[in-house]
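S.K.: Quick check, what structure comes out for this input:
(chains A, B and C)
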Amino acid sequence: MPVSGATILHADLDAFYASVEQLLDPALRGRPIAVGGRPTGGVVLAASYEAKAFGVQGGMPGWRAARLCPELTFVRGSFREYQRLGDAVMTVLADVTPLVERVSIDEAFLDVAGSTHLFGAPEHIARTIRARVREEIGLPISVGAARTKHLAKIASQVAKPDGLVVVTPGTEREFLDPLPVGLIWGVGPVHQARLASHGITTIGQLTATPSSTVERLVGHAVGHKLLAMAHDEDTRRVVTARRSRSVGAQSALGRRSPEPELLRAVLSHLADRVSRRLRATGTAGRTITVRVRFAGMRSVTRARTLSQPVATTLTLTEVAEQLATGAIEEAGRPEITLLGMSVSKLDQQHALQLELELPPPDPWRPGSRTGASRRAVDGQMDAIRERFGTDAVGYLPALMRRGQTVPDEFRELAERELDTGPTTRAGDDQPSERRA
DNA sequence: TCTGGGGTCCTAGGACCC
DNA sequence: TCTGGGGTCCTAGGACCC
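M.R.: Below you'll find the model as predicted:
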């Protein structure tokens, strides 16, 4: 039985966006580059390893990156290429096993327990993957192999850049103990600082700490999960399809006065994006959440749960507008820098049957319509886009466009598929006591 | 001269029901 | 005369991940 081998792989492309840019433009190879952002502002989405050597990181404001690395080259993202090449890598992975769990555009778990008789030991499979991605696609990819997802993920992080780390069963403790707690999935800067305040900086120290202490520091659930990970008790399996629990969209605006026209324009646009994705999968949701960020980075959320699932652009817009207006009034009408909305408590029934005659929040508004005519509007939009393309019609007036900081291609890239397929797991056809 | 956009999960308090 | 306990749902905020 190959069940005790290091049969879970985690494959993670190195500095993905930046590596693609260096692949596409040889003049950028070997140089510190940032994808996204500007020397004066914006946000760096990804940094090449040459840039990381200066301390430049993804998520960092552009002006700070430029200060850290004066010779940094800023490049605009080639988002369509990221999608294409990311998909190509996943195709290589799928040649090894059908049990591939894509976590993001550039990262996936594989369960190769059933593939060893065809392709050899996990370590050999990992080498093959790395060689093929390098030769056929031209990108560096790191791979970790271990008994569990958590350990495989840590191994791939340790392997970076462009490496392979196999955690041989039986050597887990000596591998984990000296590593920093920040490598544990779910330990971010805040928890790391709290643990450090009690002298806990390595995974080994964490395992030696009483659970009551850990839970006091980071909370009950997080503490429990964290200790399970530190003790190498990860039982998660590789899942090939997973349903989303929410669908959302947001947009940074720069500093803007919260005029009703602006709110209406932005929220219509966001509702259109969300509604389109809900419709595409026959989903609707009962809870609508709005986020408003004010100048100074303080942000608030307001939510409302309806008795019926909704999905139409108009209904989402109206509810979101009420929530946002309320939150802004409560705050004393300061300038706003971001608006976002999300729909949750999703219902998998076909959205067409829902939202039958939901009373409009404001029956006196001229734009109010019955459920049927709300759906008809969305259907017409879909038809036009089908024929003439996504940009042929939309809710994005010039009023809002001047705040746009990120190209639409990036938004599309960030959207996760709302997978409706059955959830498949590695090992479903095997005895369930395969793992403790 | 200040920070994107897509998500997940947890916590704590309150409302409400039995 | 003021008193129980459990369960569920909702809301708002926060930490975290890619």
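
S.K.: residue of the stretch 1-150 of chain A with the smallest distance to DNA strand C?
M.R.: Nearest residue of the stretch 1-150 of chain A to DNA strand C: A:S104, at 2.8 Å (C-beta to the nearest atom of the strand). From N, CA and C alone the C-beta is placed, and that goes for glycine too.

S.K.: From DNA strand B, how far out is that residue?
M.R.: Distance of A:S104 to DNA strand B, computed by C-beta to the nearest atom of the strand, to the nearest Å: 7 Å.

S.K.: Looking at strand pairing, list the partners for that residue.
M.R.: A:E107 (DSSP bridges).

S.K.: okay, now it: neighbour count?
M.R.: 13 (other C-beta atoms under 10 Å).

S.K.: cool, and A:V167?
M.R.: 23.

S.K.: Pull up the residues of the stretch 101-250 of chain A that are close to DNA strand C.
M.R.: A:103-107, A:153, A:185-192 (C-beta under 7 Å from any atom of the strand).

S.K.: which of those residues lies closest to A:A34?
M.R.: A:D106 (16.9 Å; C-beta to C-beta).

S.K.: thought that closest one was touching A:A88?
M.R.: No: with contact defined as C-beta atoms under 8 Å, A:D106 does not reach A:A88; the gap is 11.4 Å.

S.K.: So for these two, which residue has more residues nearby?
M.R.: A:D106 (23 against 14).

S.K.: ok, the more buried one - contacts?
M.R.: A:12-13, A:16, A:82, A:86, A:89 (C-beta atoms under 8 Å, 6 or more residues apart in numbering).

S.K.: List the ones among the residues you listed that fall in strands.
M.R.: A:12-13 (DSSP state E).

S.K.: now the contacts of A:D106 as a markdown table including distance to DNA strand C?
M.R.: Formatted as a markdown table, these follow (distance: C-beta to the nearest atom of the strand, whole Å):
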| residue | distance to DNA strand C |
| --- | --- |
| A:D12 | 8 |
| A:L13 | 9 |
| A:F16 | 8 |
| A:Y82 | 12 |
| A:G86 | 10 |
| A:V89 | 13 |
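
S.K.: Which of the contacts of A:D106 are buried? Put it as a PyMOL command.
M.R.: A single PyMOL command selects the buried members of the contacts of A:D106 (16 or more other C-beta atoms under 10 Å):
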select buried, chain A and resi 12+13+16+82+86+89
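
S.K.: Relative to DNA strand B, how far out is the residue in the stretch 301-436 of chain A that DNA strand C sits nearest to?
M.R.: DNA strand C sits closest to A:T305 of the stretch 301-436 of chain A, with a gap of 3.3 Å, by C-beta to the nearest atom of the strand. Computed as C-beta to the nearest atom of the strand, the A:T305 to DNA strand B distance reads 11 Å.

S.K.: which residues does the closest residue in space to that residue that isn't next to it in sequence contact?
M.R.: Leaving aside its chain neighbours, A:T305 sits nearest to A:T287 (4.5 Å; criterion: C-beta to C-beta, 6 or more residues apart in numbering). By C-beta under 8 Å, 6+ apart, the residues touching A:T287 are A:303-306, A:343-345.

S.K.: For those residues, which single residue is the most surrounded?
M.R.: A:V343 (27 neighbours).

S.K.: With distance to DNA strand B and pLDDT as added columns, please give the contacts of A:D106 in JSON lines.
M.R.: Output for those, formatted as JSON lines (distance: C-beta to the nearest atom of the strand, whole Å; pLDDT from 0 to 100):
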{"residue": "A:D12", "distance to DNA strand B": "15", "pLDDT": "98"}
{"residue": "A:L13", "distance to DNA strand B": "15", "pLDDT": "98"}
{"residue": "A:F16", "distance to DNA strand B": "12", "pLDDT": "97"}
{"residue": "A:Y82", "distance to DNA strand B": "11", "pLDDT": "96"}
{"residue": "A:G86", "distance to DNA strand B": "14", "pLDDT": "97"}
{"residue": "A:V89", "distance to DNA strand B": "18", "pLDDT": "98"}
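
S.K.: Stretch A:313-331 near DNA strand B anywhere?
M.R.: No: residues of stretch A:313-331 contacting DNA strand B under C-beta under 7 Å from any atom of the strand: none, with a closest distance of 13.0 Å.

S.K.: Would you mark the buried spots in that stretch?
M.R.: A:313-325, A:327-328.

S.K.: Would you report which members of these are assigned to helices?
M.R.: A:313-325, A:327-328 (DSSP state H).

S.K.: Roughly how far does the nearest residue to A:K225 once chain neighbours are set aside sit from DNA strand B?
M.R.: Nearest non-adjacent residue to A:K225, counting by C-beta to C-beta, 6+ apart: A:G186, 6.2 Å away. A:G186 is 9 Å from DNA strand B, where distance means C-beta to the nearest atom of the strand.

S.K.: got the contact list for A:G186?
M.R.: Taking C-beta under 8 Å, 6+ apart as the test, what A:G186 contacts is A:222, A:225-226, A:229.

S.K.: buried stuff in whichever strand or helix holds A:V190?
M.R.: Assigned by DSSP states H and E, A:V190 belongs to helix A:189-196. Neighbour counts over helix A:189-196 (16+ other C-beta under 10 Å) mark A:191-192, A:194-195 as buried.

S.K.: got those as TSV, with pLDDT and distance to A:S78 columns?
M.R.: Formatted as TSV, these follow (pLDDT from 0 to 100; distance: C-beta to C-beta, whole Å):
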residue	pLDDT	distance to A:S78
A:H191	96	35
A:Q192	96	34
A:R194	95	40
A:L195	96	39
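
S.K.: picking up where we left off before, let me know the closest of the contacts of A:G186 to A:E335.
M.R.: Distance to A:E335, by C-beta to C-beta, is smallest for A:V222 among these, at 34.6 Å.

S.K.: check contacts around that closest one.
M.R.: A:186, A:191.

S.K.: is it true that it lies in a helix?
M.R.: Yes: when DSSP: H, G, I helix; E, B strand; the rest coil is applied, A:V222 is found to be in a helix.

S.K.: Can you read off the pLDDT for it?
M.R.: For A:V222, the model assigns a pLDDT of 92.

S.K.: quick one: it from A:M229, how far?
M.R.: Note on A:V222: its distance to A:M229, by C-beta to C-beta, to the nearest Å, is 11 Å.
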